[in-house]
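Enquirer: give the three-dimensional model of this entry:
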Amino acid sequence: MSSNEKDHGDQDHGDKYHGGIFFRKTNNIFRLFNNYVATKSRIIIRNVIIILFIFIVVFIFVSSLVFWLVKKGPPEVTVPRVTDEELIEGLIILQKKRLKAIIDPRYFSDYQKNIIVEQNPEAGSIVREGKDIKLIVSKGPIVSIVEDYTGKTIAYVQNRLQEIFSFQGKTIKIGNITHVISESPQGTIIGQFPPPNTPIPYVENIDLVISRGKEIQVFRLKNYAGENVNEIMQFLALRGVIVQVVTEEIIDPSQNGLIMMQDPSEGTLVNRNDTVTFRVGYLPSEKEKEKLYARVLNFDVPPEFDKVLVRIVVKDRIGDREIYNAENTGGDSISVPFKSYSSTTIYIYVDNGVYEVRKLE
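Expert: Residues are numbered from 1 along each chain as shown. The predicted structure is shown next:
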């Protein structure tokens, strides 16, 4: 073999040797890269899965908590029955259950004024506290003729005329008012024109004659023991006497709400704005309760005023409510019947300013 051929063979062998080394290095680099990338990818995917799992668990927990809180809401209560109750009594019953009332007044020939005729939801329904209970309340029968206002007050007439306007669109105003001395309680109506039963369409104004009471406004107390305290309170209030009630525990149910003792005693002369105290018997279950009394507010408009707006607001545990709002002349005597609980405060406004504050027990 020539030297040239030998050198050529050695060269080929060297080329193959170097090519094998390069291939192996390249293969090792590729294998290392592949192993690194594959390992890192698996770690990243695993971390992503773990994070996604944690997110799903937290999301489900938070969603469940929010759903439970929303579903829980206010406590559930049973809707009480308030139909056939007076409006004030019905509102008290609903208030005890923490339910709200929406009042829808309507005329009913078969129901007296302020009686609850229907309720929605019905009694026995299960609702959440704070639920609105719709009450359909009677405004009394539809008025088509002039009523007999004898024995009523001017505030009563104003309310009835407003109801006629609201329902029929007929405007009737109070015309001339004449105050006269009479045996009738002060502030009550003893005459009117047009007379009762006059058809409403023919009436524009109603003139009233109002009693100023006896010329000497003093009378002797009778013995009121055994009488119902509500009836005697109203009787004395119409004569301008202030009544205080002291409760006393009794056992006999037949004596519940009846007067047991009085101060001053029978035969005492009392004047307008004098105070009479009654000791009234109540059963133990009733003694501590606040009582609803029938009252009459008397107010003499100061004579120094000419035409003046008088507003009277009553405040007790039911809240504030206006019982009188009308223009009066100085010297007028106002008598307004109303119902209120013990611990009542009365605010009398003259020309939008507080003129007098009275407290009743």
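Enquirer: ranges for the helices of the chain?
Expert: Using DSSP state H, the helices of the chain run over 3-72, 87-96, 154-168, 229-237, 284-287.
Enquirer: let me see the mean pLDDT of the longest one.
Expert: It stands for helix 3-72. Averaged over helix 3-72, pLDDT sits at 64.
Enquirer: same question for the shortest one.
Expert: When the per-residue pLDDT values of helix 284-287 are averaged, the result is 77.
Enquirer: who are the packing partners of it?
Expert: strand 242-249 (3 or more C-beta pairs under 8 Å, 6 or more residues apart in numbering; DSSP states H and E). No exception for glycine: its C-beta is placed from N, CA and C like everyone else's.
Enquirer: in the strand it packs on, what's buried?
Expert: Within strand 242-249, the residues that count as buried by 16 or more other C-beta atoms under 10 Å are 242-243, 245, 247.
Enquirer: residue ranges with poor pLDDT in the stretch 101-250 of the chain?
Expert: 109, 142-143, 167-168, 181, 214-217, 238 (pLDDT under 70).
Enquirer: which parts of it are strands?
Expert: Ranges of strands in the stretch 101-250 of the chain, per DSSP state E, counting those that start in this stretch, are 116-120, 126-128, 132-138, 173-180, 189-193, 205-211, 218-220, 242-249.
Enquirer: would a markdown table of these with distance to I43 be doable?
Expert: Converted to a markdown table, the strands of the stretch 101-250 of the chain look like this (distance: least, C-beta to C-beta, whole Å):
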| stretch | distance to I43 |
| --- | --- |
| strand 116-120 | 65 |
| strand 126-128 | 52 |
| strand 132-138 | 60 |
| strand 173-180 | 93 |
| strand 189-193 | 98 |
| strand 205-211 | 97 |
| strand 218-220 | 105 |
| strand 242-249 | 84 |
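Enquirer: for Q234, which of these is the nearest?
Expert: strand 242-249 (9.3 Å; C-beta to C-beta).
Enquirer: using CSV, list the CA coordinates for that closest one.
Expert: Extracted in CSV, the C-alpha atoms of strand 242-249 (Å, rounded to 0.1, in the frame of the first residue of the first chain):
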residue,chain,number,x,y,z
ILE,A,242,-108.5,66.4,83.2
VAL,A,243,-108.6,62.7,84.3
GLN,A,244,-105.7,60.8,85.8
VAL,A,245,-105.9,57.0,86.2
VAL,A,246,-104.2,54.9,88.9
THR,A,247,-104.3,51.2,88.3
GLU,A,248,-104.9,48.7,91.1
GLU,A,249,-104.7,44.9,90.9
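Enquirer: specify which member of the buried residues of strand 242-249 is nearest to V296.
Expert: V243 (10.0 Å).
Enquirer: got a list of what the closest one touches?
Expert: 232-233, 236-237, 275-278 (C-beta atoms under 8 Å, 6 or more residues apart in numbering).
Enquirer: how many residues are close by G240?
Expert: When counting by other C-beta atoms under 10 Å, one arrives at 23 neighbours for G240.
Enquirer: now restrict the contacts of V243 to buried residues only.
Expert: For the contacts of V243, buried by 16+ other C-beta under 10 Å: 232-233, 236-237, 276, 278.
Enquirer: from those, which two are the most distant?
Expert: Among these, A237 and F278 lie farthest apart (C-beta to C-beta), at 12.5 Å.
Enquirer: mind listing what L292 touches?
Expert: 88-89, 339-341.
Enquirer: now neighbour count too, for those, in TSV please.
Expert: Shown next, in TSV, are the contacts of L292 (neighbours: other C-beta atoms under 10 Å):
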residue	neighbour count
I88	15
E89	15
K339	17
S340	24
Y341	17
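Enquirer: CA atoms of stretch 107-115 as CSV?
Expert: Taking C-alpha atoms only, stretch 107-115 is exported to CSV below (Å, rounded to 0.1, in the frame of the first residue of the first chain):
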residue,chain,number,x,y,z
TYR,A,107,-115.8,52.6,51.2
PHE,A,108,-117.9,49.7,52.5
SER,A,109,-121.6,49.8,53.4
ASP,A,110,-121.3,46.8,55.7
TYR,A,111,-118.3,48.0,57.8
GLN,A,112,-117.8,50.8,60.2
LYS,A,113,-115.1,53.4,59.6
ASN,A,114,-111.5,52.3,60.4
ILE,A,115,-112.3,48.6,60.5
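Enquirer: show me what counts as buried in it.
Expert: In stretch 107-115, counting by 16+ other C-beta under 10 Å, buried: 108, 111, 113-115.
Enquirer: using JSON lines, lay out those residues together with distance to P303.
Expert: Shown next, in JSON lines, are the buried residues of stretch 107-115 (distance: C-beta to C-beta, whole Å):
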{"residue": "F108", "distance to P303": "43"}
{"residue": "Y111", "distance to P303": "42"}
{"residue": "K113", "distance to P303": "34"}
{"residue": "N114", "distance to P303": "35"}
{"residue": "I115", "distance to P303": "40"}
